[in-house]
Structure formats: structure tokens, C-alpha cells
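S.K.: Need a 3D model of the following:
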Amino acid sequence: MAKVVIIGGGWAGAGAAVTAAKAGADVVLLERTDMLLGTGLVGGIMRNNGRFTATEEAIALGAPELFDAVDATARHKNIEFPGHKHATLYDVAKIEPAVRQTLDKLAVNVRFESLVNGVKVENNKIVSVTLKSGEEIDGDVFVEATGSAGPMGNCAKYGNGCAMCILRCPTFGGRVSIAAKAGIQEIVGKKGDGSIGAMSGSCKLHKESLAHSIIEELDKTGLAVIPIPAELQKSDSLGVKACQQYALKEFAENIILLDTGHAKLMSPYYPIDKLRQIPGFEDARFEDPYSGGIGNSVRYLALSPRDNTLKVEGLDNLFCAGEKAGLLVGHTEAIVTGSLAGHNAVRKAEEQDLIELPRSLAIGDAIAYVNEQMKTEEGLGKKFTFSGSVYFERMKSEGLYNTDVVAVHKKVASTGLAGVFEKKI
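M.R.: The predicted model follows:
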């Protein structure tokens with residue numbers, strides 16, 4: 001039985017674990033903190049815009065498990081907010097146990113508080129990774145899903161300092177890039193102005209700290225839109241966001257809140273003295289990051305060069321997923337790249353041909369298109385997501401966006417790949 005070692009237990013790592021286990025591998029998932037999902041613990045938005053199509057493609061390909069967990073913990077389904085349609089909002093307090101149970105059922109060996117800070121390479125292959133404790137974990141194939149934010153020094157250098165976000169670098173140690181440790185020259189994303197990285201695009205407010213009328217609206221509809229007095233508007237923050245699908249004037253002129261259990265504030269940060277001047281926010285308090293009045297985590301600092309099977313270039317047995325696979329933004333994007341990386345990792349171990357998803361599918365096109373864009377100076381200054389901005393426009397122009405579930409599943413079937421992630425290798 002092939003042994004697949006996955007480093008990083010966010011949405012991408014969880015996606016890789018699901019498909020690698022279903023393909024028949026012995027799967028070890030190493031997570032540096034005490035919980036799965038990383039930024040997914042404070043995220044919550046699924047199925048908005050083109051993510052609906054990508055979700056149904058992934059289900060048709062044979063990887064429904066994590067989307068089932070999302071649906072089971074959803075607080076609101078099929079909601080609309082500025083620039084976005086048919087969104088699902090999951091409960092950030094319930095999603096992690098649901099994902100943990102999903103991995104348990106698949107016999108994935110999840111090891112928490114297991115920070116990987118070393119790697120052993122022989123003949124262009126990773127032989128083992130080393131934990132902070134000194135323990136070596138060997139494997140046949142490795143999948144890196146460590147994200148691209150942190151450690152604290154990077155948030156100080158490229159952002160506004162450590163804002164004490166859900167990544168909790170001070171407690172569990174900062175992200176370590178496995179590819180870089182193995183000698184791979186990685187890629188750095190940029191903001192539109194050419195500066196390094198991008199700031200996470202939203203904060204969380206303690207819902208009970210808001211006016212009762214706002215709480216009622218969130219509980220009832222999942223959405224609250226509160227106009228910002230002109231003198232308090234801060235449109236300059238839109239350009240620093242990783243989540244460029246939300247860089248719309250509506251998000252500069254209004255406080256837009258989504259109900260994910262917390263009140264998700266669609267801004268990378270908001271000075272609390274200004275926030276508390278807006279009616280209904282007089283007692284507002286940040287839940288994530290705790291210093292959300294000052295800044296947020298900085299991302300896209302370590303992207304791996306890879307092919308469209310998600311194998312890292314320069315190493316024979318390392319795959320990447322999520323933000324490691326490029327300038328991809330979002331949970332859905334992480335899950336679908338993780339699903340492909342996990343499945344292909346087992347194929348590699350069993351010396352089978354690797355799968356490259358066709359560009360007739362949104363997932364396949366996104367993986368290939370982002371890979372092309374990362375090789376250009378202009379592309380490095382953009383962010384790509386199924387839910388908006390550059391790539392969603394491409395989806396629409398290329399006929400890849402479809403909300404007809406039956407039609408999406410038929411399209412996947414026409415490629416001959418229906419249920420491919422369900423099969424043992």
C-alpha cells in the first residue's frame with residue numbers, strides 16, 4: 001500500500017487526504033495546529049458564482065465528502081450579496097468537527113501539533129520530513145498544502161504586523177515551506193502596485209457585539225448591508241485584498257456582513273475607532289483577527305512551480321495544493337486542487353499515468369490558466385477565483401459557468417472522468 005504524507009490540514013490538505021485515502025493509500029496528514037481547516041475556521045463562503053460549477057464538477061468527479069460536510073453545517077443557502085449569487089454560508093463553529101469525522105471515516109491518520117520544519121531529499125525525491133520534535137516521517141509521495149501566509153515576520157515585513165489571526169503562528173509556529181526546504185525556487189505573488197503578497201480579505205466580528213437589529217437581519221437572511229458615512233469610507237483598502245472578487249465599490253461604501261456564526265466583515269481590516277462610529281457598531285469587537293482594526297494576515301508569499309497534474313517541478317514525488325498551487329483564492333479552490341493532488345499522489349506511487357483535468361471543465365481550465373498566468377509579470381499581480389474578478393469573467397466568456405447541476409454532471413461524464421476520484425488505484 002502506498003504511503004502518502006500530506007503536510008497541512010486546511011481545506012486543501014483535507015481534500016488531498018480524502019482522495020488519497022479513497023484511492024487506496026495509507027494517508028498521514030500532518031497539521032501544525034490543534035485543529036483542521038486553517039483559514040476555513042473563519043471563512044464560510046461556498047458555492048458563490050462560479051464556485052457552484054466547480055463544486056458540482058468535483059462532486060461528479062467523485063469527491064463529494066467535504067462539500068457534504070459544508071452542506072450539513074450550512075447556516076444559509078442560496079443567498080445573494082453584492083456581486084455574488086447562490087452562496088452557501090457554513091457555520092464556522094461546526095465545520096471543523098464535521099471534516100474531522102469525514103477523515104476519521106476514511107481512516108486518515110491525522111496528527112495535530114506536528115509542525116514540519118525539515119525535509120530529507122535523495123535523488124530528486126523526498127524521503128522523509130522532520131517534525132519540530134525531531135521525529136522523521138517517511139513516505140512514498142508527499143503533498144504540500146501548507147498555504148502561503150506567515151510566519152509572523154512576513155506579516156511584519158509585507159503587512160501591518162501580526163494581527164493575531166486564526167493561523168496562530170505565535171502558539172504553533174509559522175508556516176514552513178517544504179518545497180523551499182527541498183531546494184525549489186518558489187514564486188511570490190504581488191499586489192496590483194507591485195508590492196509583495198496580499199492581505200486576507202475579510203475579518204470576523206463578534207456577532208453579539210452588534211446592534212440587535214443587525215443580529216436579527218443576519219440570523220434571518222444571512223446578510224446585512226449597512227451604509228458607511230462618506231467621511232468614514234476607506235476604499236483604499238480594496239487594492240490590498242487577496243480576495244479581489246470583493247474589491248467592488250459596494251464593499252467600500254457599505255459595511256457588508258455575512259452570517260457564518262460570526263459576523264463576517266468583508267474588509268481586510270477596519271480601524272475600530274471608525275467602525276464604532278457607524279450606527280449599530282458602537283460596541284463592535286473583532287473575533288478574527290483579534291487586531292482586525294489594524295491589519296490581517298499576508299498571503300501568497302510562497303507558491304510552488306508545478307505542472308497541471310499539480311506535481312511540483314524539480315521533485316519527483318511532491319505535489320502541491322491550495323495556495324501552494326498558485327494565485328488561487330478560496331476554500332472551493334483549495335478543495336478541488338487538493339482532490340487532484342491527493343489522487344495523483346497515489347497514481348505516482350503506483351507508477352500510473354497522472355491525470356490532467358481537461359480545460360473543458362472549469363477546474364481543469366483554472367489549474368492550467370493560473371499556471372500560465374504565474375509565468376507572467378502581469379499575472380503575478382492578480383488573484384484568481386471561481387467566484388469573481390478575472391477568472392470568473394473568463395469562466396463566463398469561455399462557457400464554463402453553469403448552475404444546471406444535471407448539465408454539469410453530464411459534461412464531466414463526457415470527459416470519461418465521472419467518479420474517477422472514487423476508484424482505488
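S.K.: For the stretch 151-300 of the chain, which segments count as strands?
M.R.: For the stretch 151-300 of the chain, strands defined by DSSP state E, counting those that start in this stretch occupy the ranges 198-199, 203-205, 223-227, 254-259, 263-265, 286-288, 298-299.
S.K.: could the ones you listed be laid out in TSV, adding mean pLDDT and distance to Glu186?
M.R.: The C-beta positions use only the backbone N, C-alpha and C, and glycine is treated the same way. Putting those into TSV (pLDDT from 0 to 100; distance: least, Cβ to Cβ, whole Å) gives the following:
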stretch	mean pLDDT	distance to Glu186
strand 198-199	92	16
strand 203-205	97	28
strand 223-227	95	38
strand 254-259	95	33
strand 263-265	97	30
strand 286-288	97	27
strand 298-299	96	13
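S.K.: Arrange the ones you listed in CSV, one row each, with mean neighbour count and distance to Ala163 as further columns.
M.R.: Output for the strands of the stretch 151-300 of the chain, formatted as CSV (neighbours: other Cβ atoms under 10 Å; distance: least, Cβ to Cβ, whole Å):
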stretch, mean neighbour count, distance to Ala163
strand 198-199, 29, 9
strand 203-205, 26, 9
strand 223-227, 17, 23
strand 254-259, 24, 19
strand 263-265, 25, 13
strand 286-288, 23, 9
strand 298-299, 28, 9
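S.K.: any chance of those in CSV, plus distance to Gly173?
M.R.: What follows is the strands of the stretch 151-300 of the chain, written out as CSV (distance: least, Cβ to Cβ, whole Å):
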stretch, distance to Gly173
strand 198-199, 21
strand 203-205, 23
strand 223-227, 37
strand 254-259, 31
strand 263-265, 27
strand 286-288, 19
strand 298-299, 17
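S.K.: among those, which is nearest Leu89?
M.R.: Leu89 sits nearest to strand 254-259 of all the strands of the stretch 151-300 of the chain, at 5.8 Å, using Cβ to Cβ.
S.K.: Report the distance from the closest one to the chain centre.
M.R.: Relative to the chain's own centre, strand 254-259 is displaced by 21 Å; criterion: Cα atoms, centre = their mean, to the nearest Å.
S.K.: ok and that strand relative to strand 223-227, angle-wise?
M.R.: Counting by axes from the mean of the first three to the mean of the last three Cα atoms, to 10 degrees, strand 254-259 lies at 160 degrees to strand 223-227.
S.K.: Identify each buried residue in the helix or strand hosting Pro97, please.
M.R.: When elements are assigned from DSSP states H and E, Pro97 belongs to helix 95-105. Using 16 or more other Cβ atoms under 10 Å as the burial criterion, the residues of helix 95-105 that qualify are 95-96, 98-100, 102-103.
S.K.: still on that earlier bit, the strands of the stretch 151-300 of the chain: which one's closest to Asn154?
M.R.: strand 298-299 (5.8 Å).
S.K.: Got the phi and psi for the residue lying closest to Gly9 once chain neighbours are set aside?
M.R.: Closest residue in space to Gly9, ignoring its immediate chain neighbours: Glu31 at 3.3 Å, by Cβ to Cβ, 6 or more residues apart in numbering. Phi and psi for Glu31, reported as degrees, to the nearest 10, are phi -120, psi 130.
S.K.: quick one, what contacts Glu31?
M.R.: 8-9, 13, 110-114 (Cβ atoms under 8 Å, 6 or more residues apart in numbering).
S.K.: Type out the PyMOL command that picks the buried ones from those residues.
M.R.: The PyMOL selection below is limited to those of the contacts of Glu31 classed as buried (16+ other Cβ under 10 Å):
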select buried, resi 8+9+13+110+114
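S.K.: Out of the contacts of Glu31, name the ones that lie in helices.
M.R.: Using DSSP state H, the subset of the contacts of Glu31 located in helices is Gly13.
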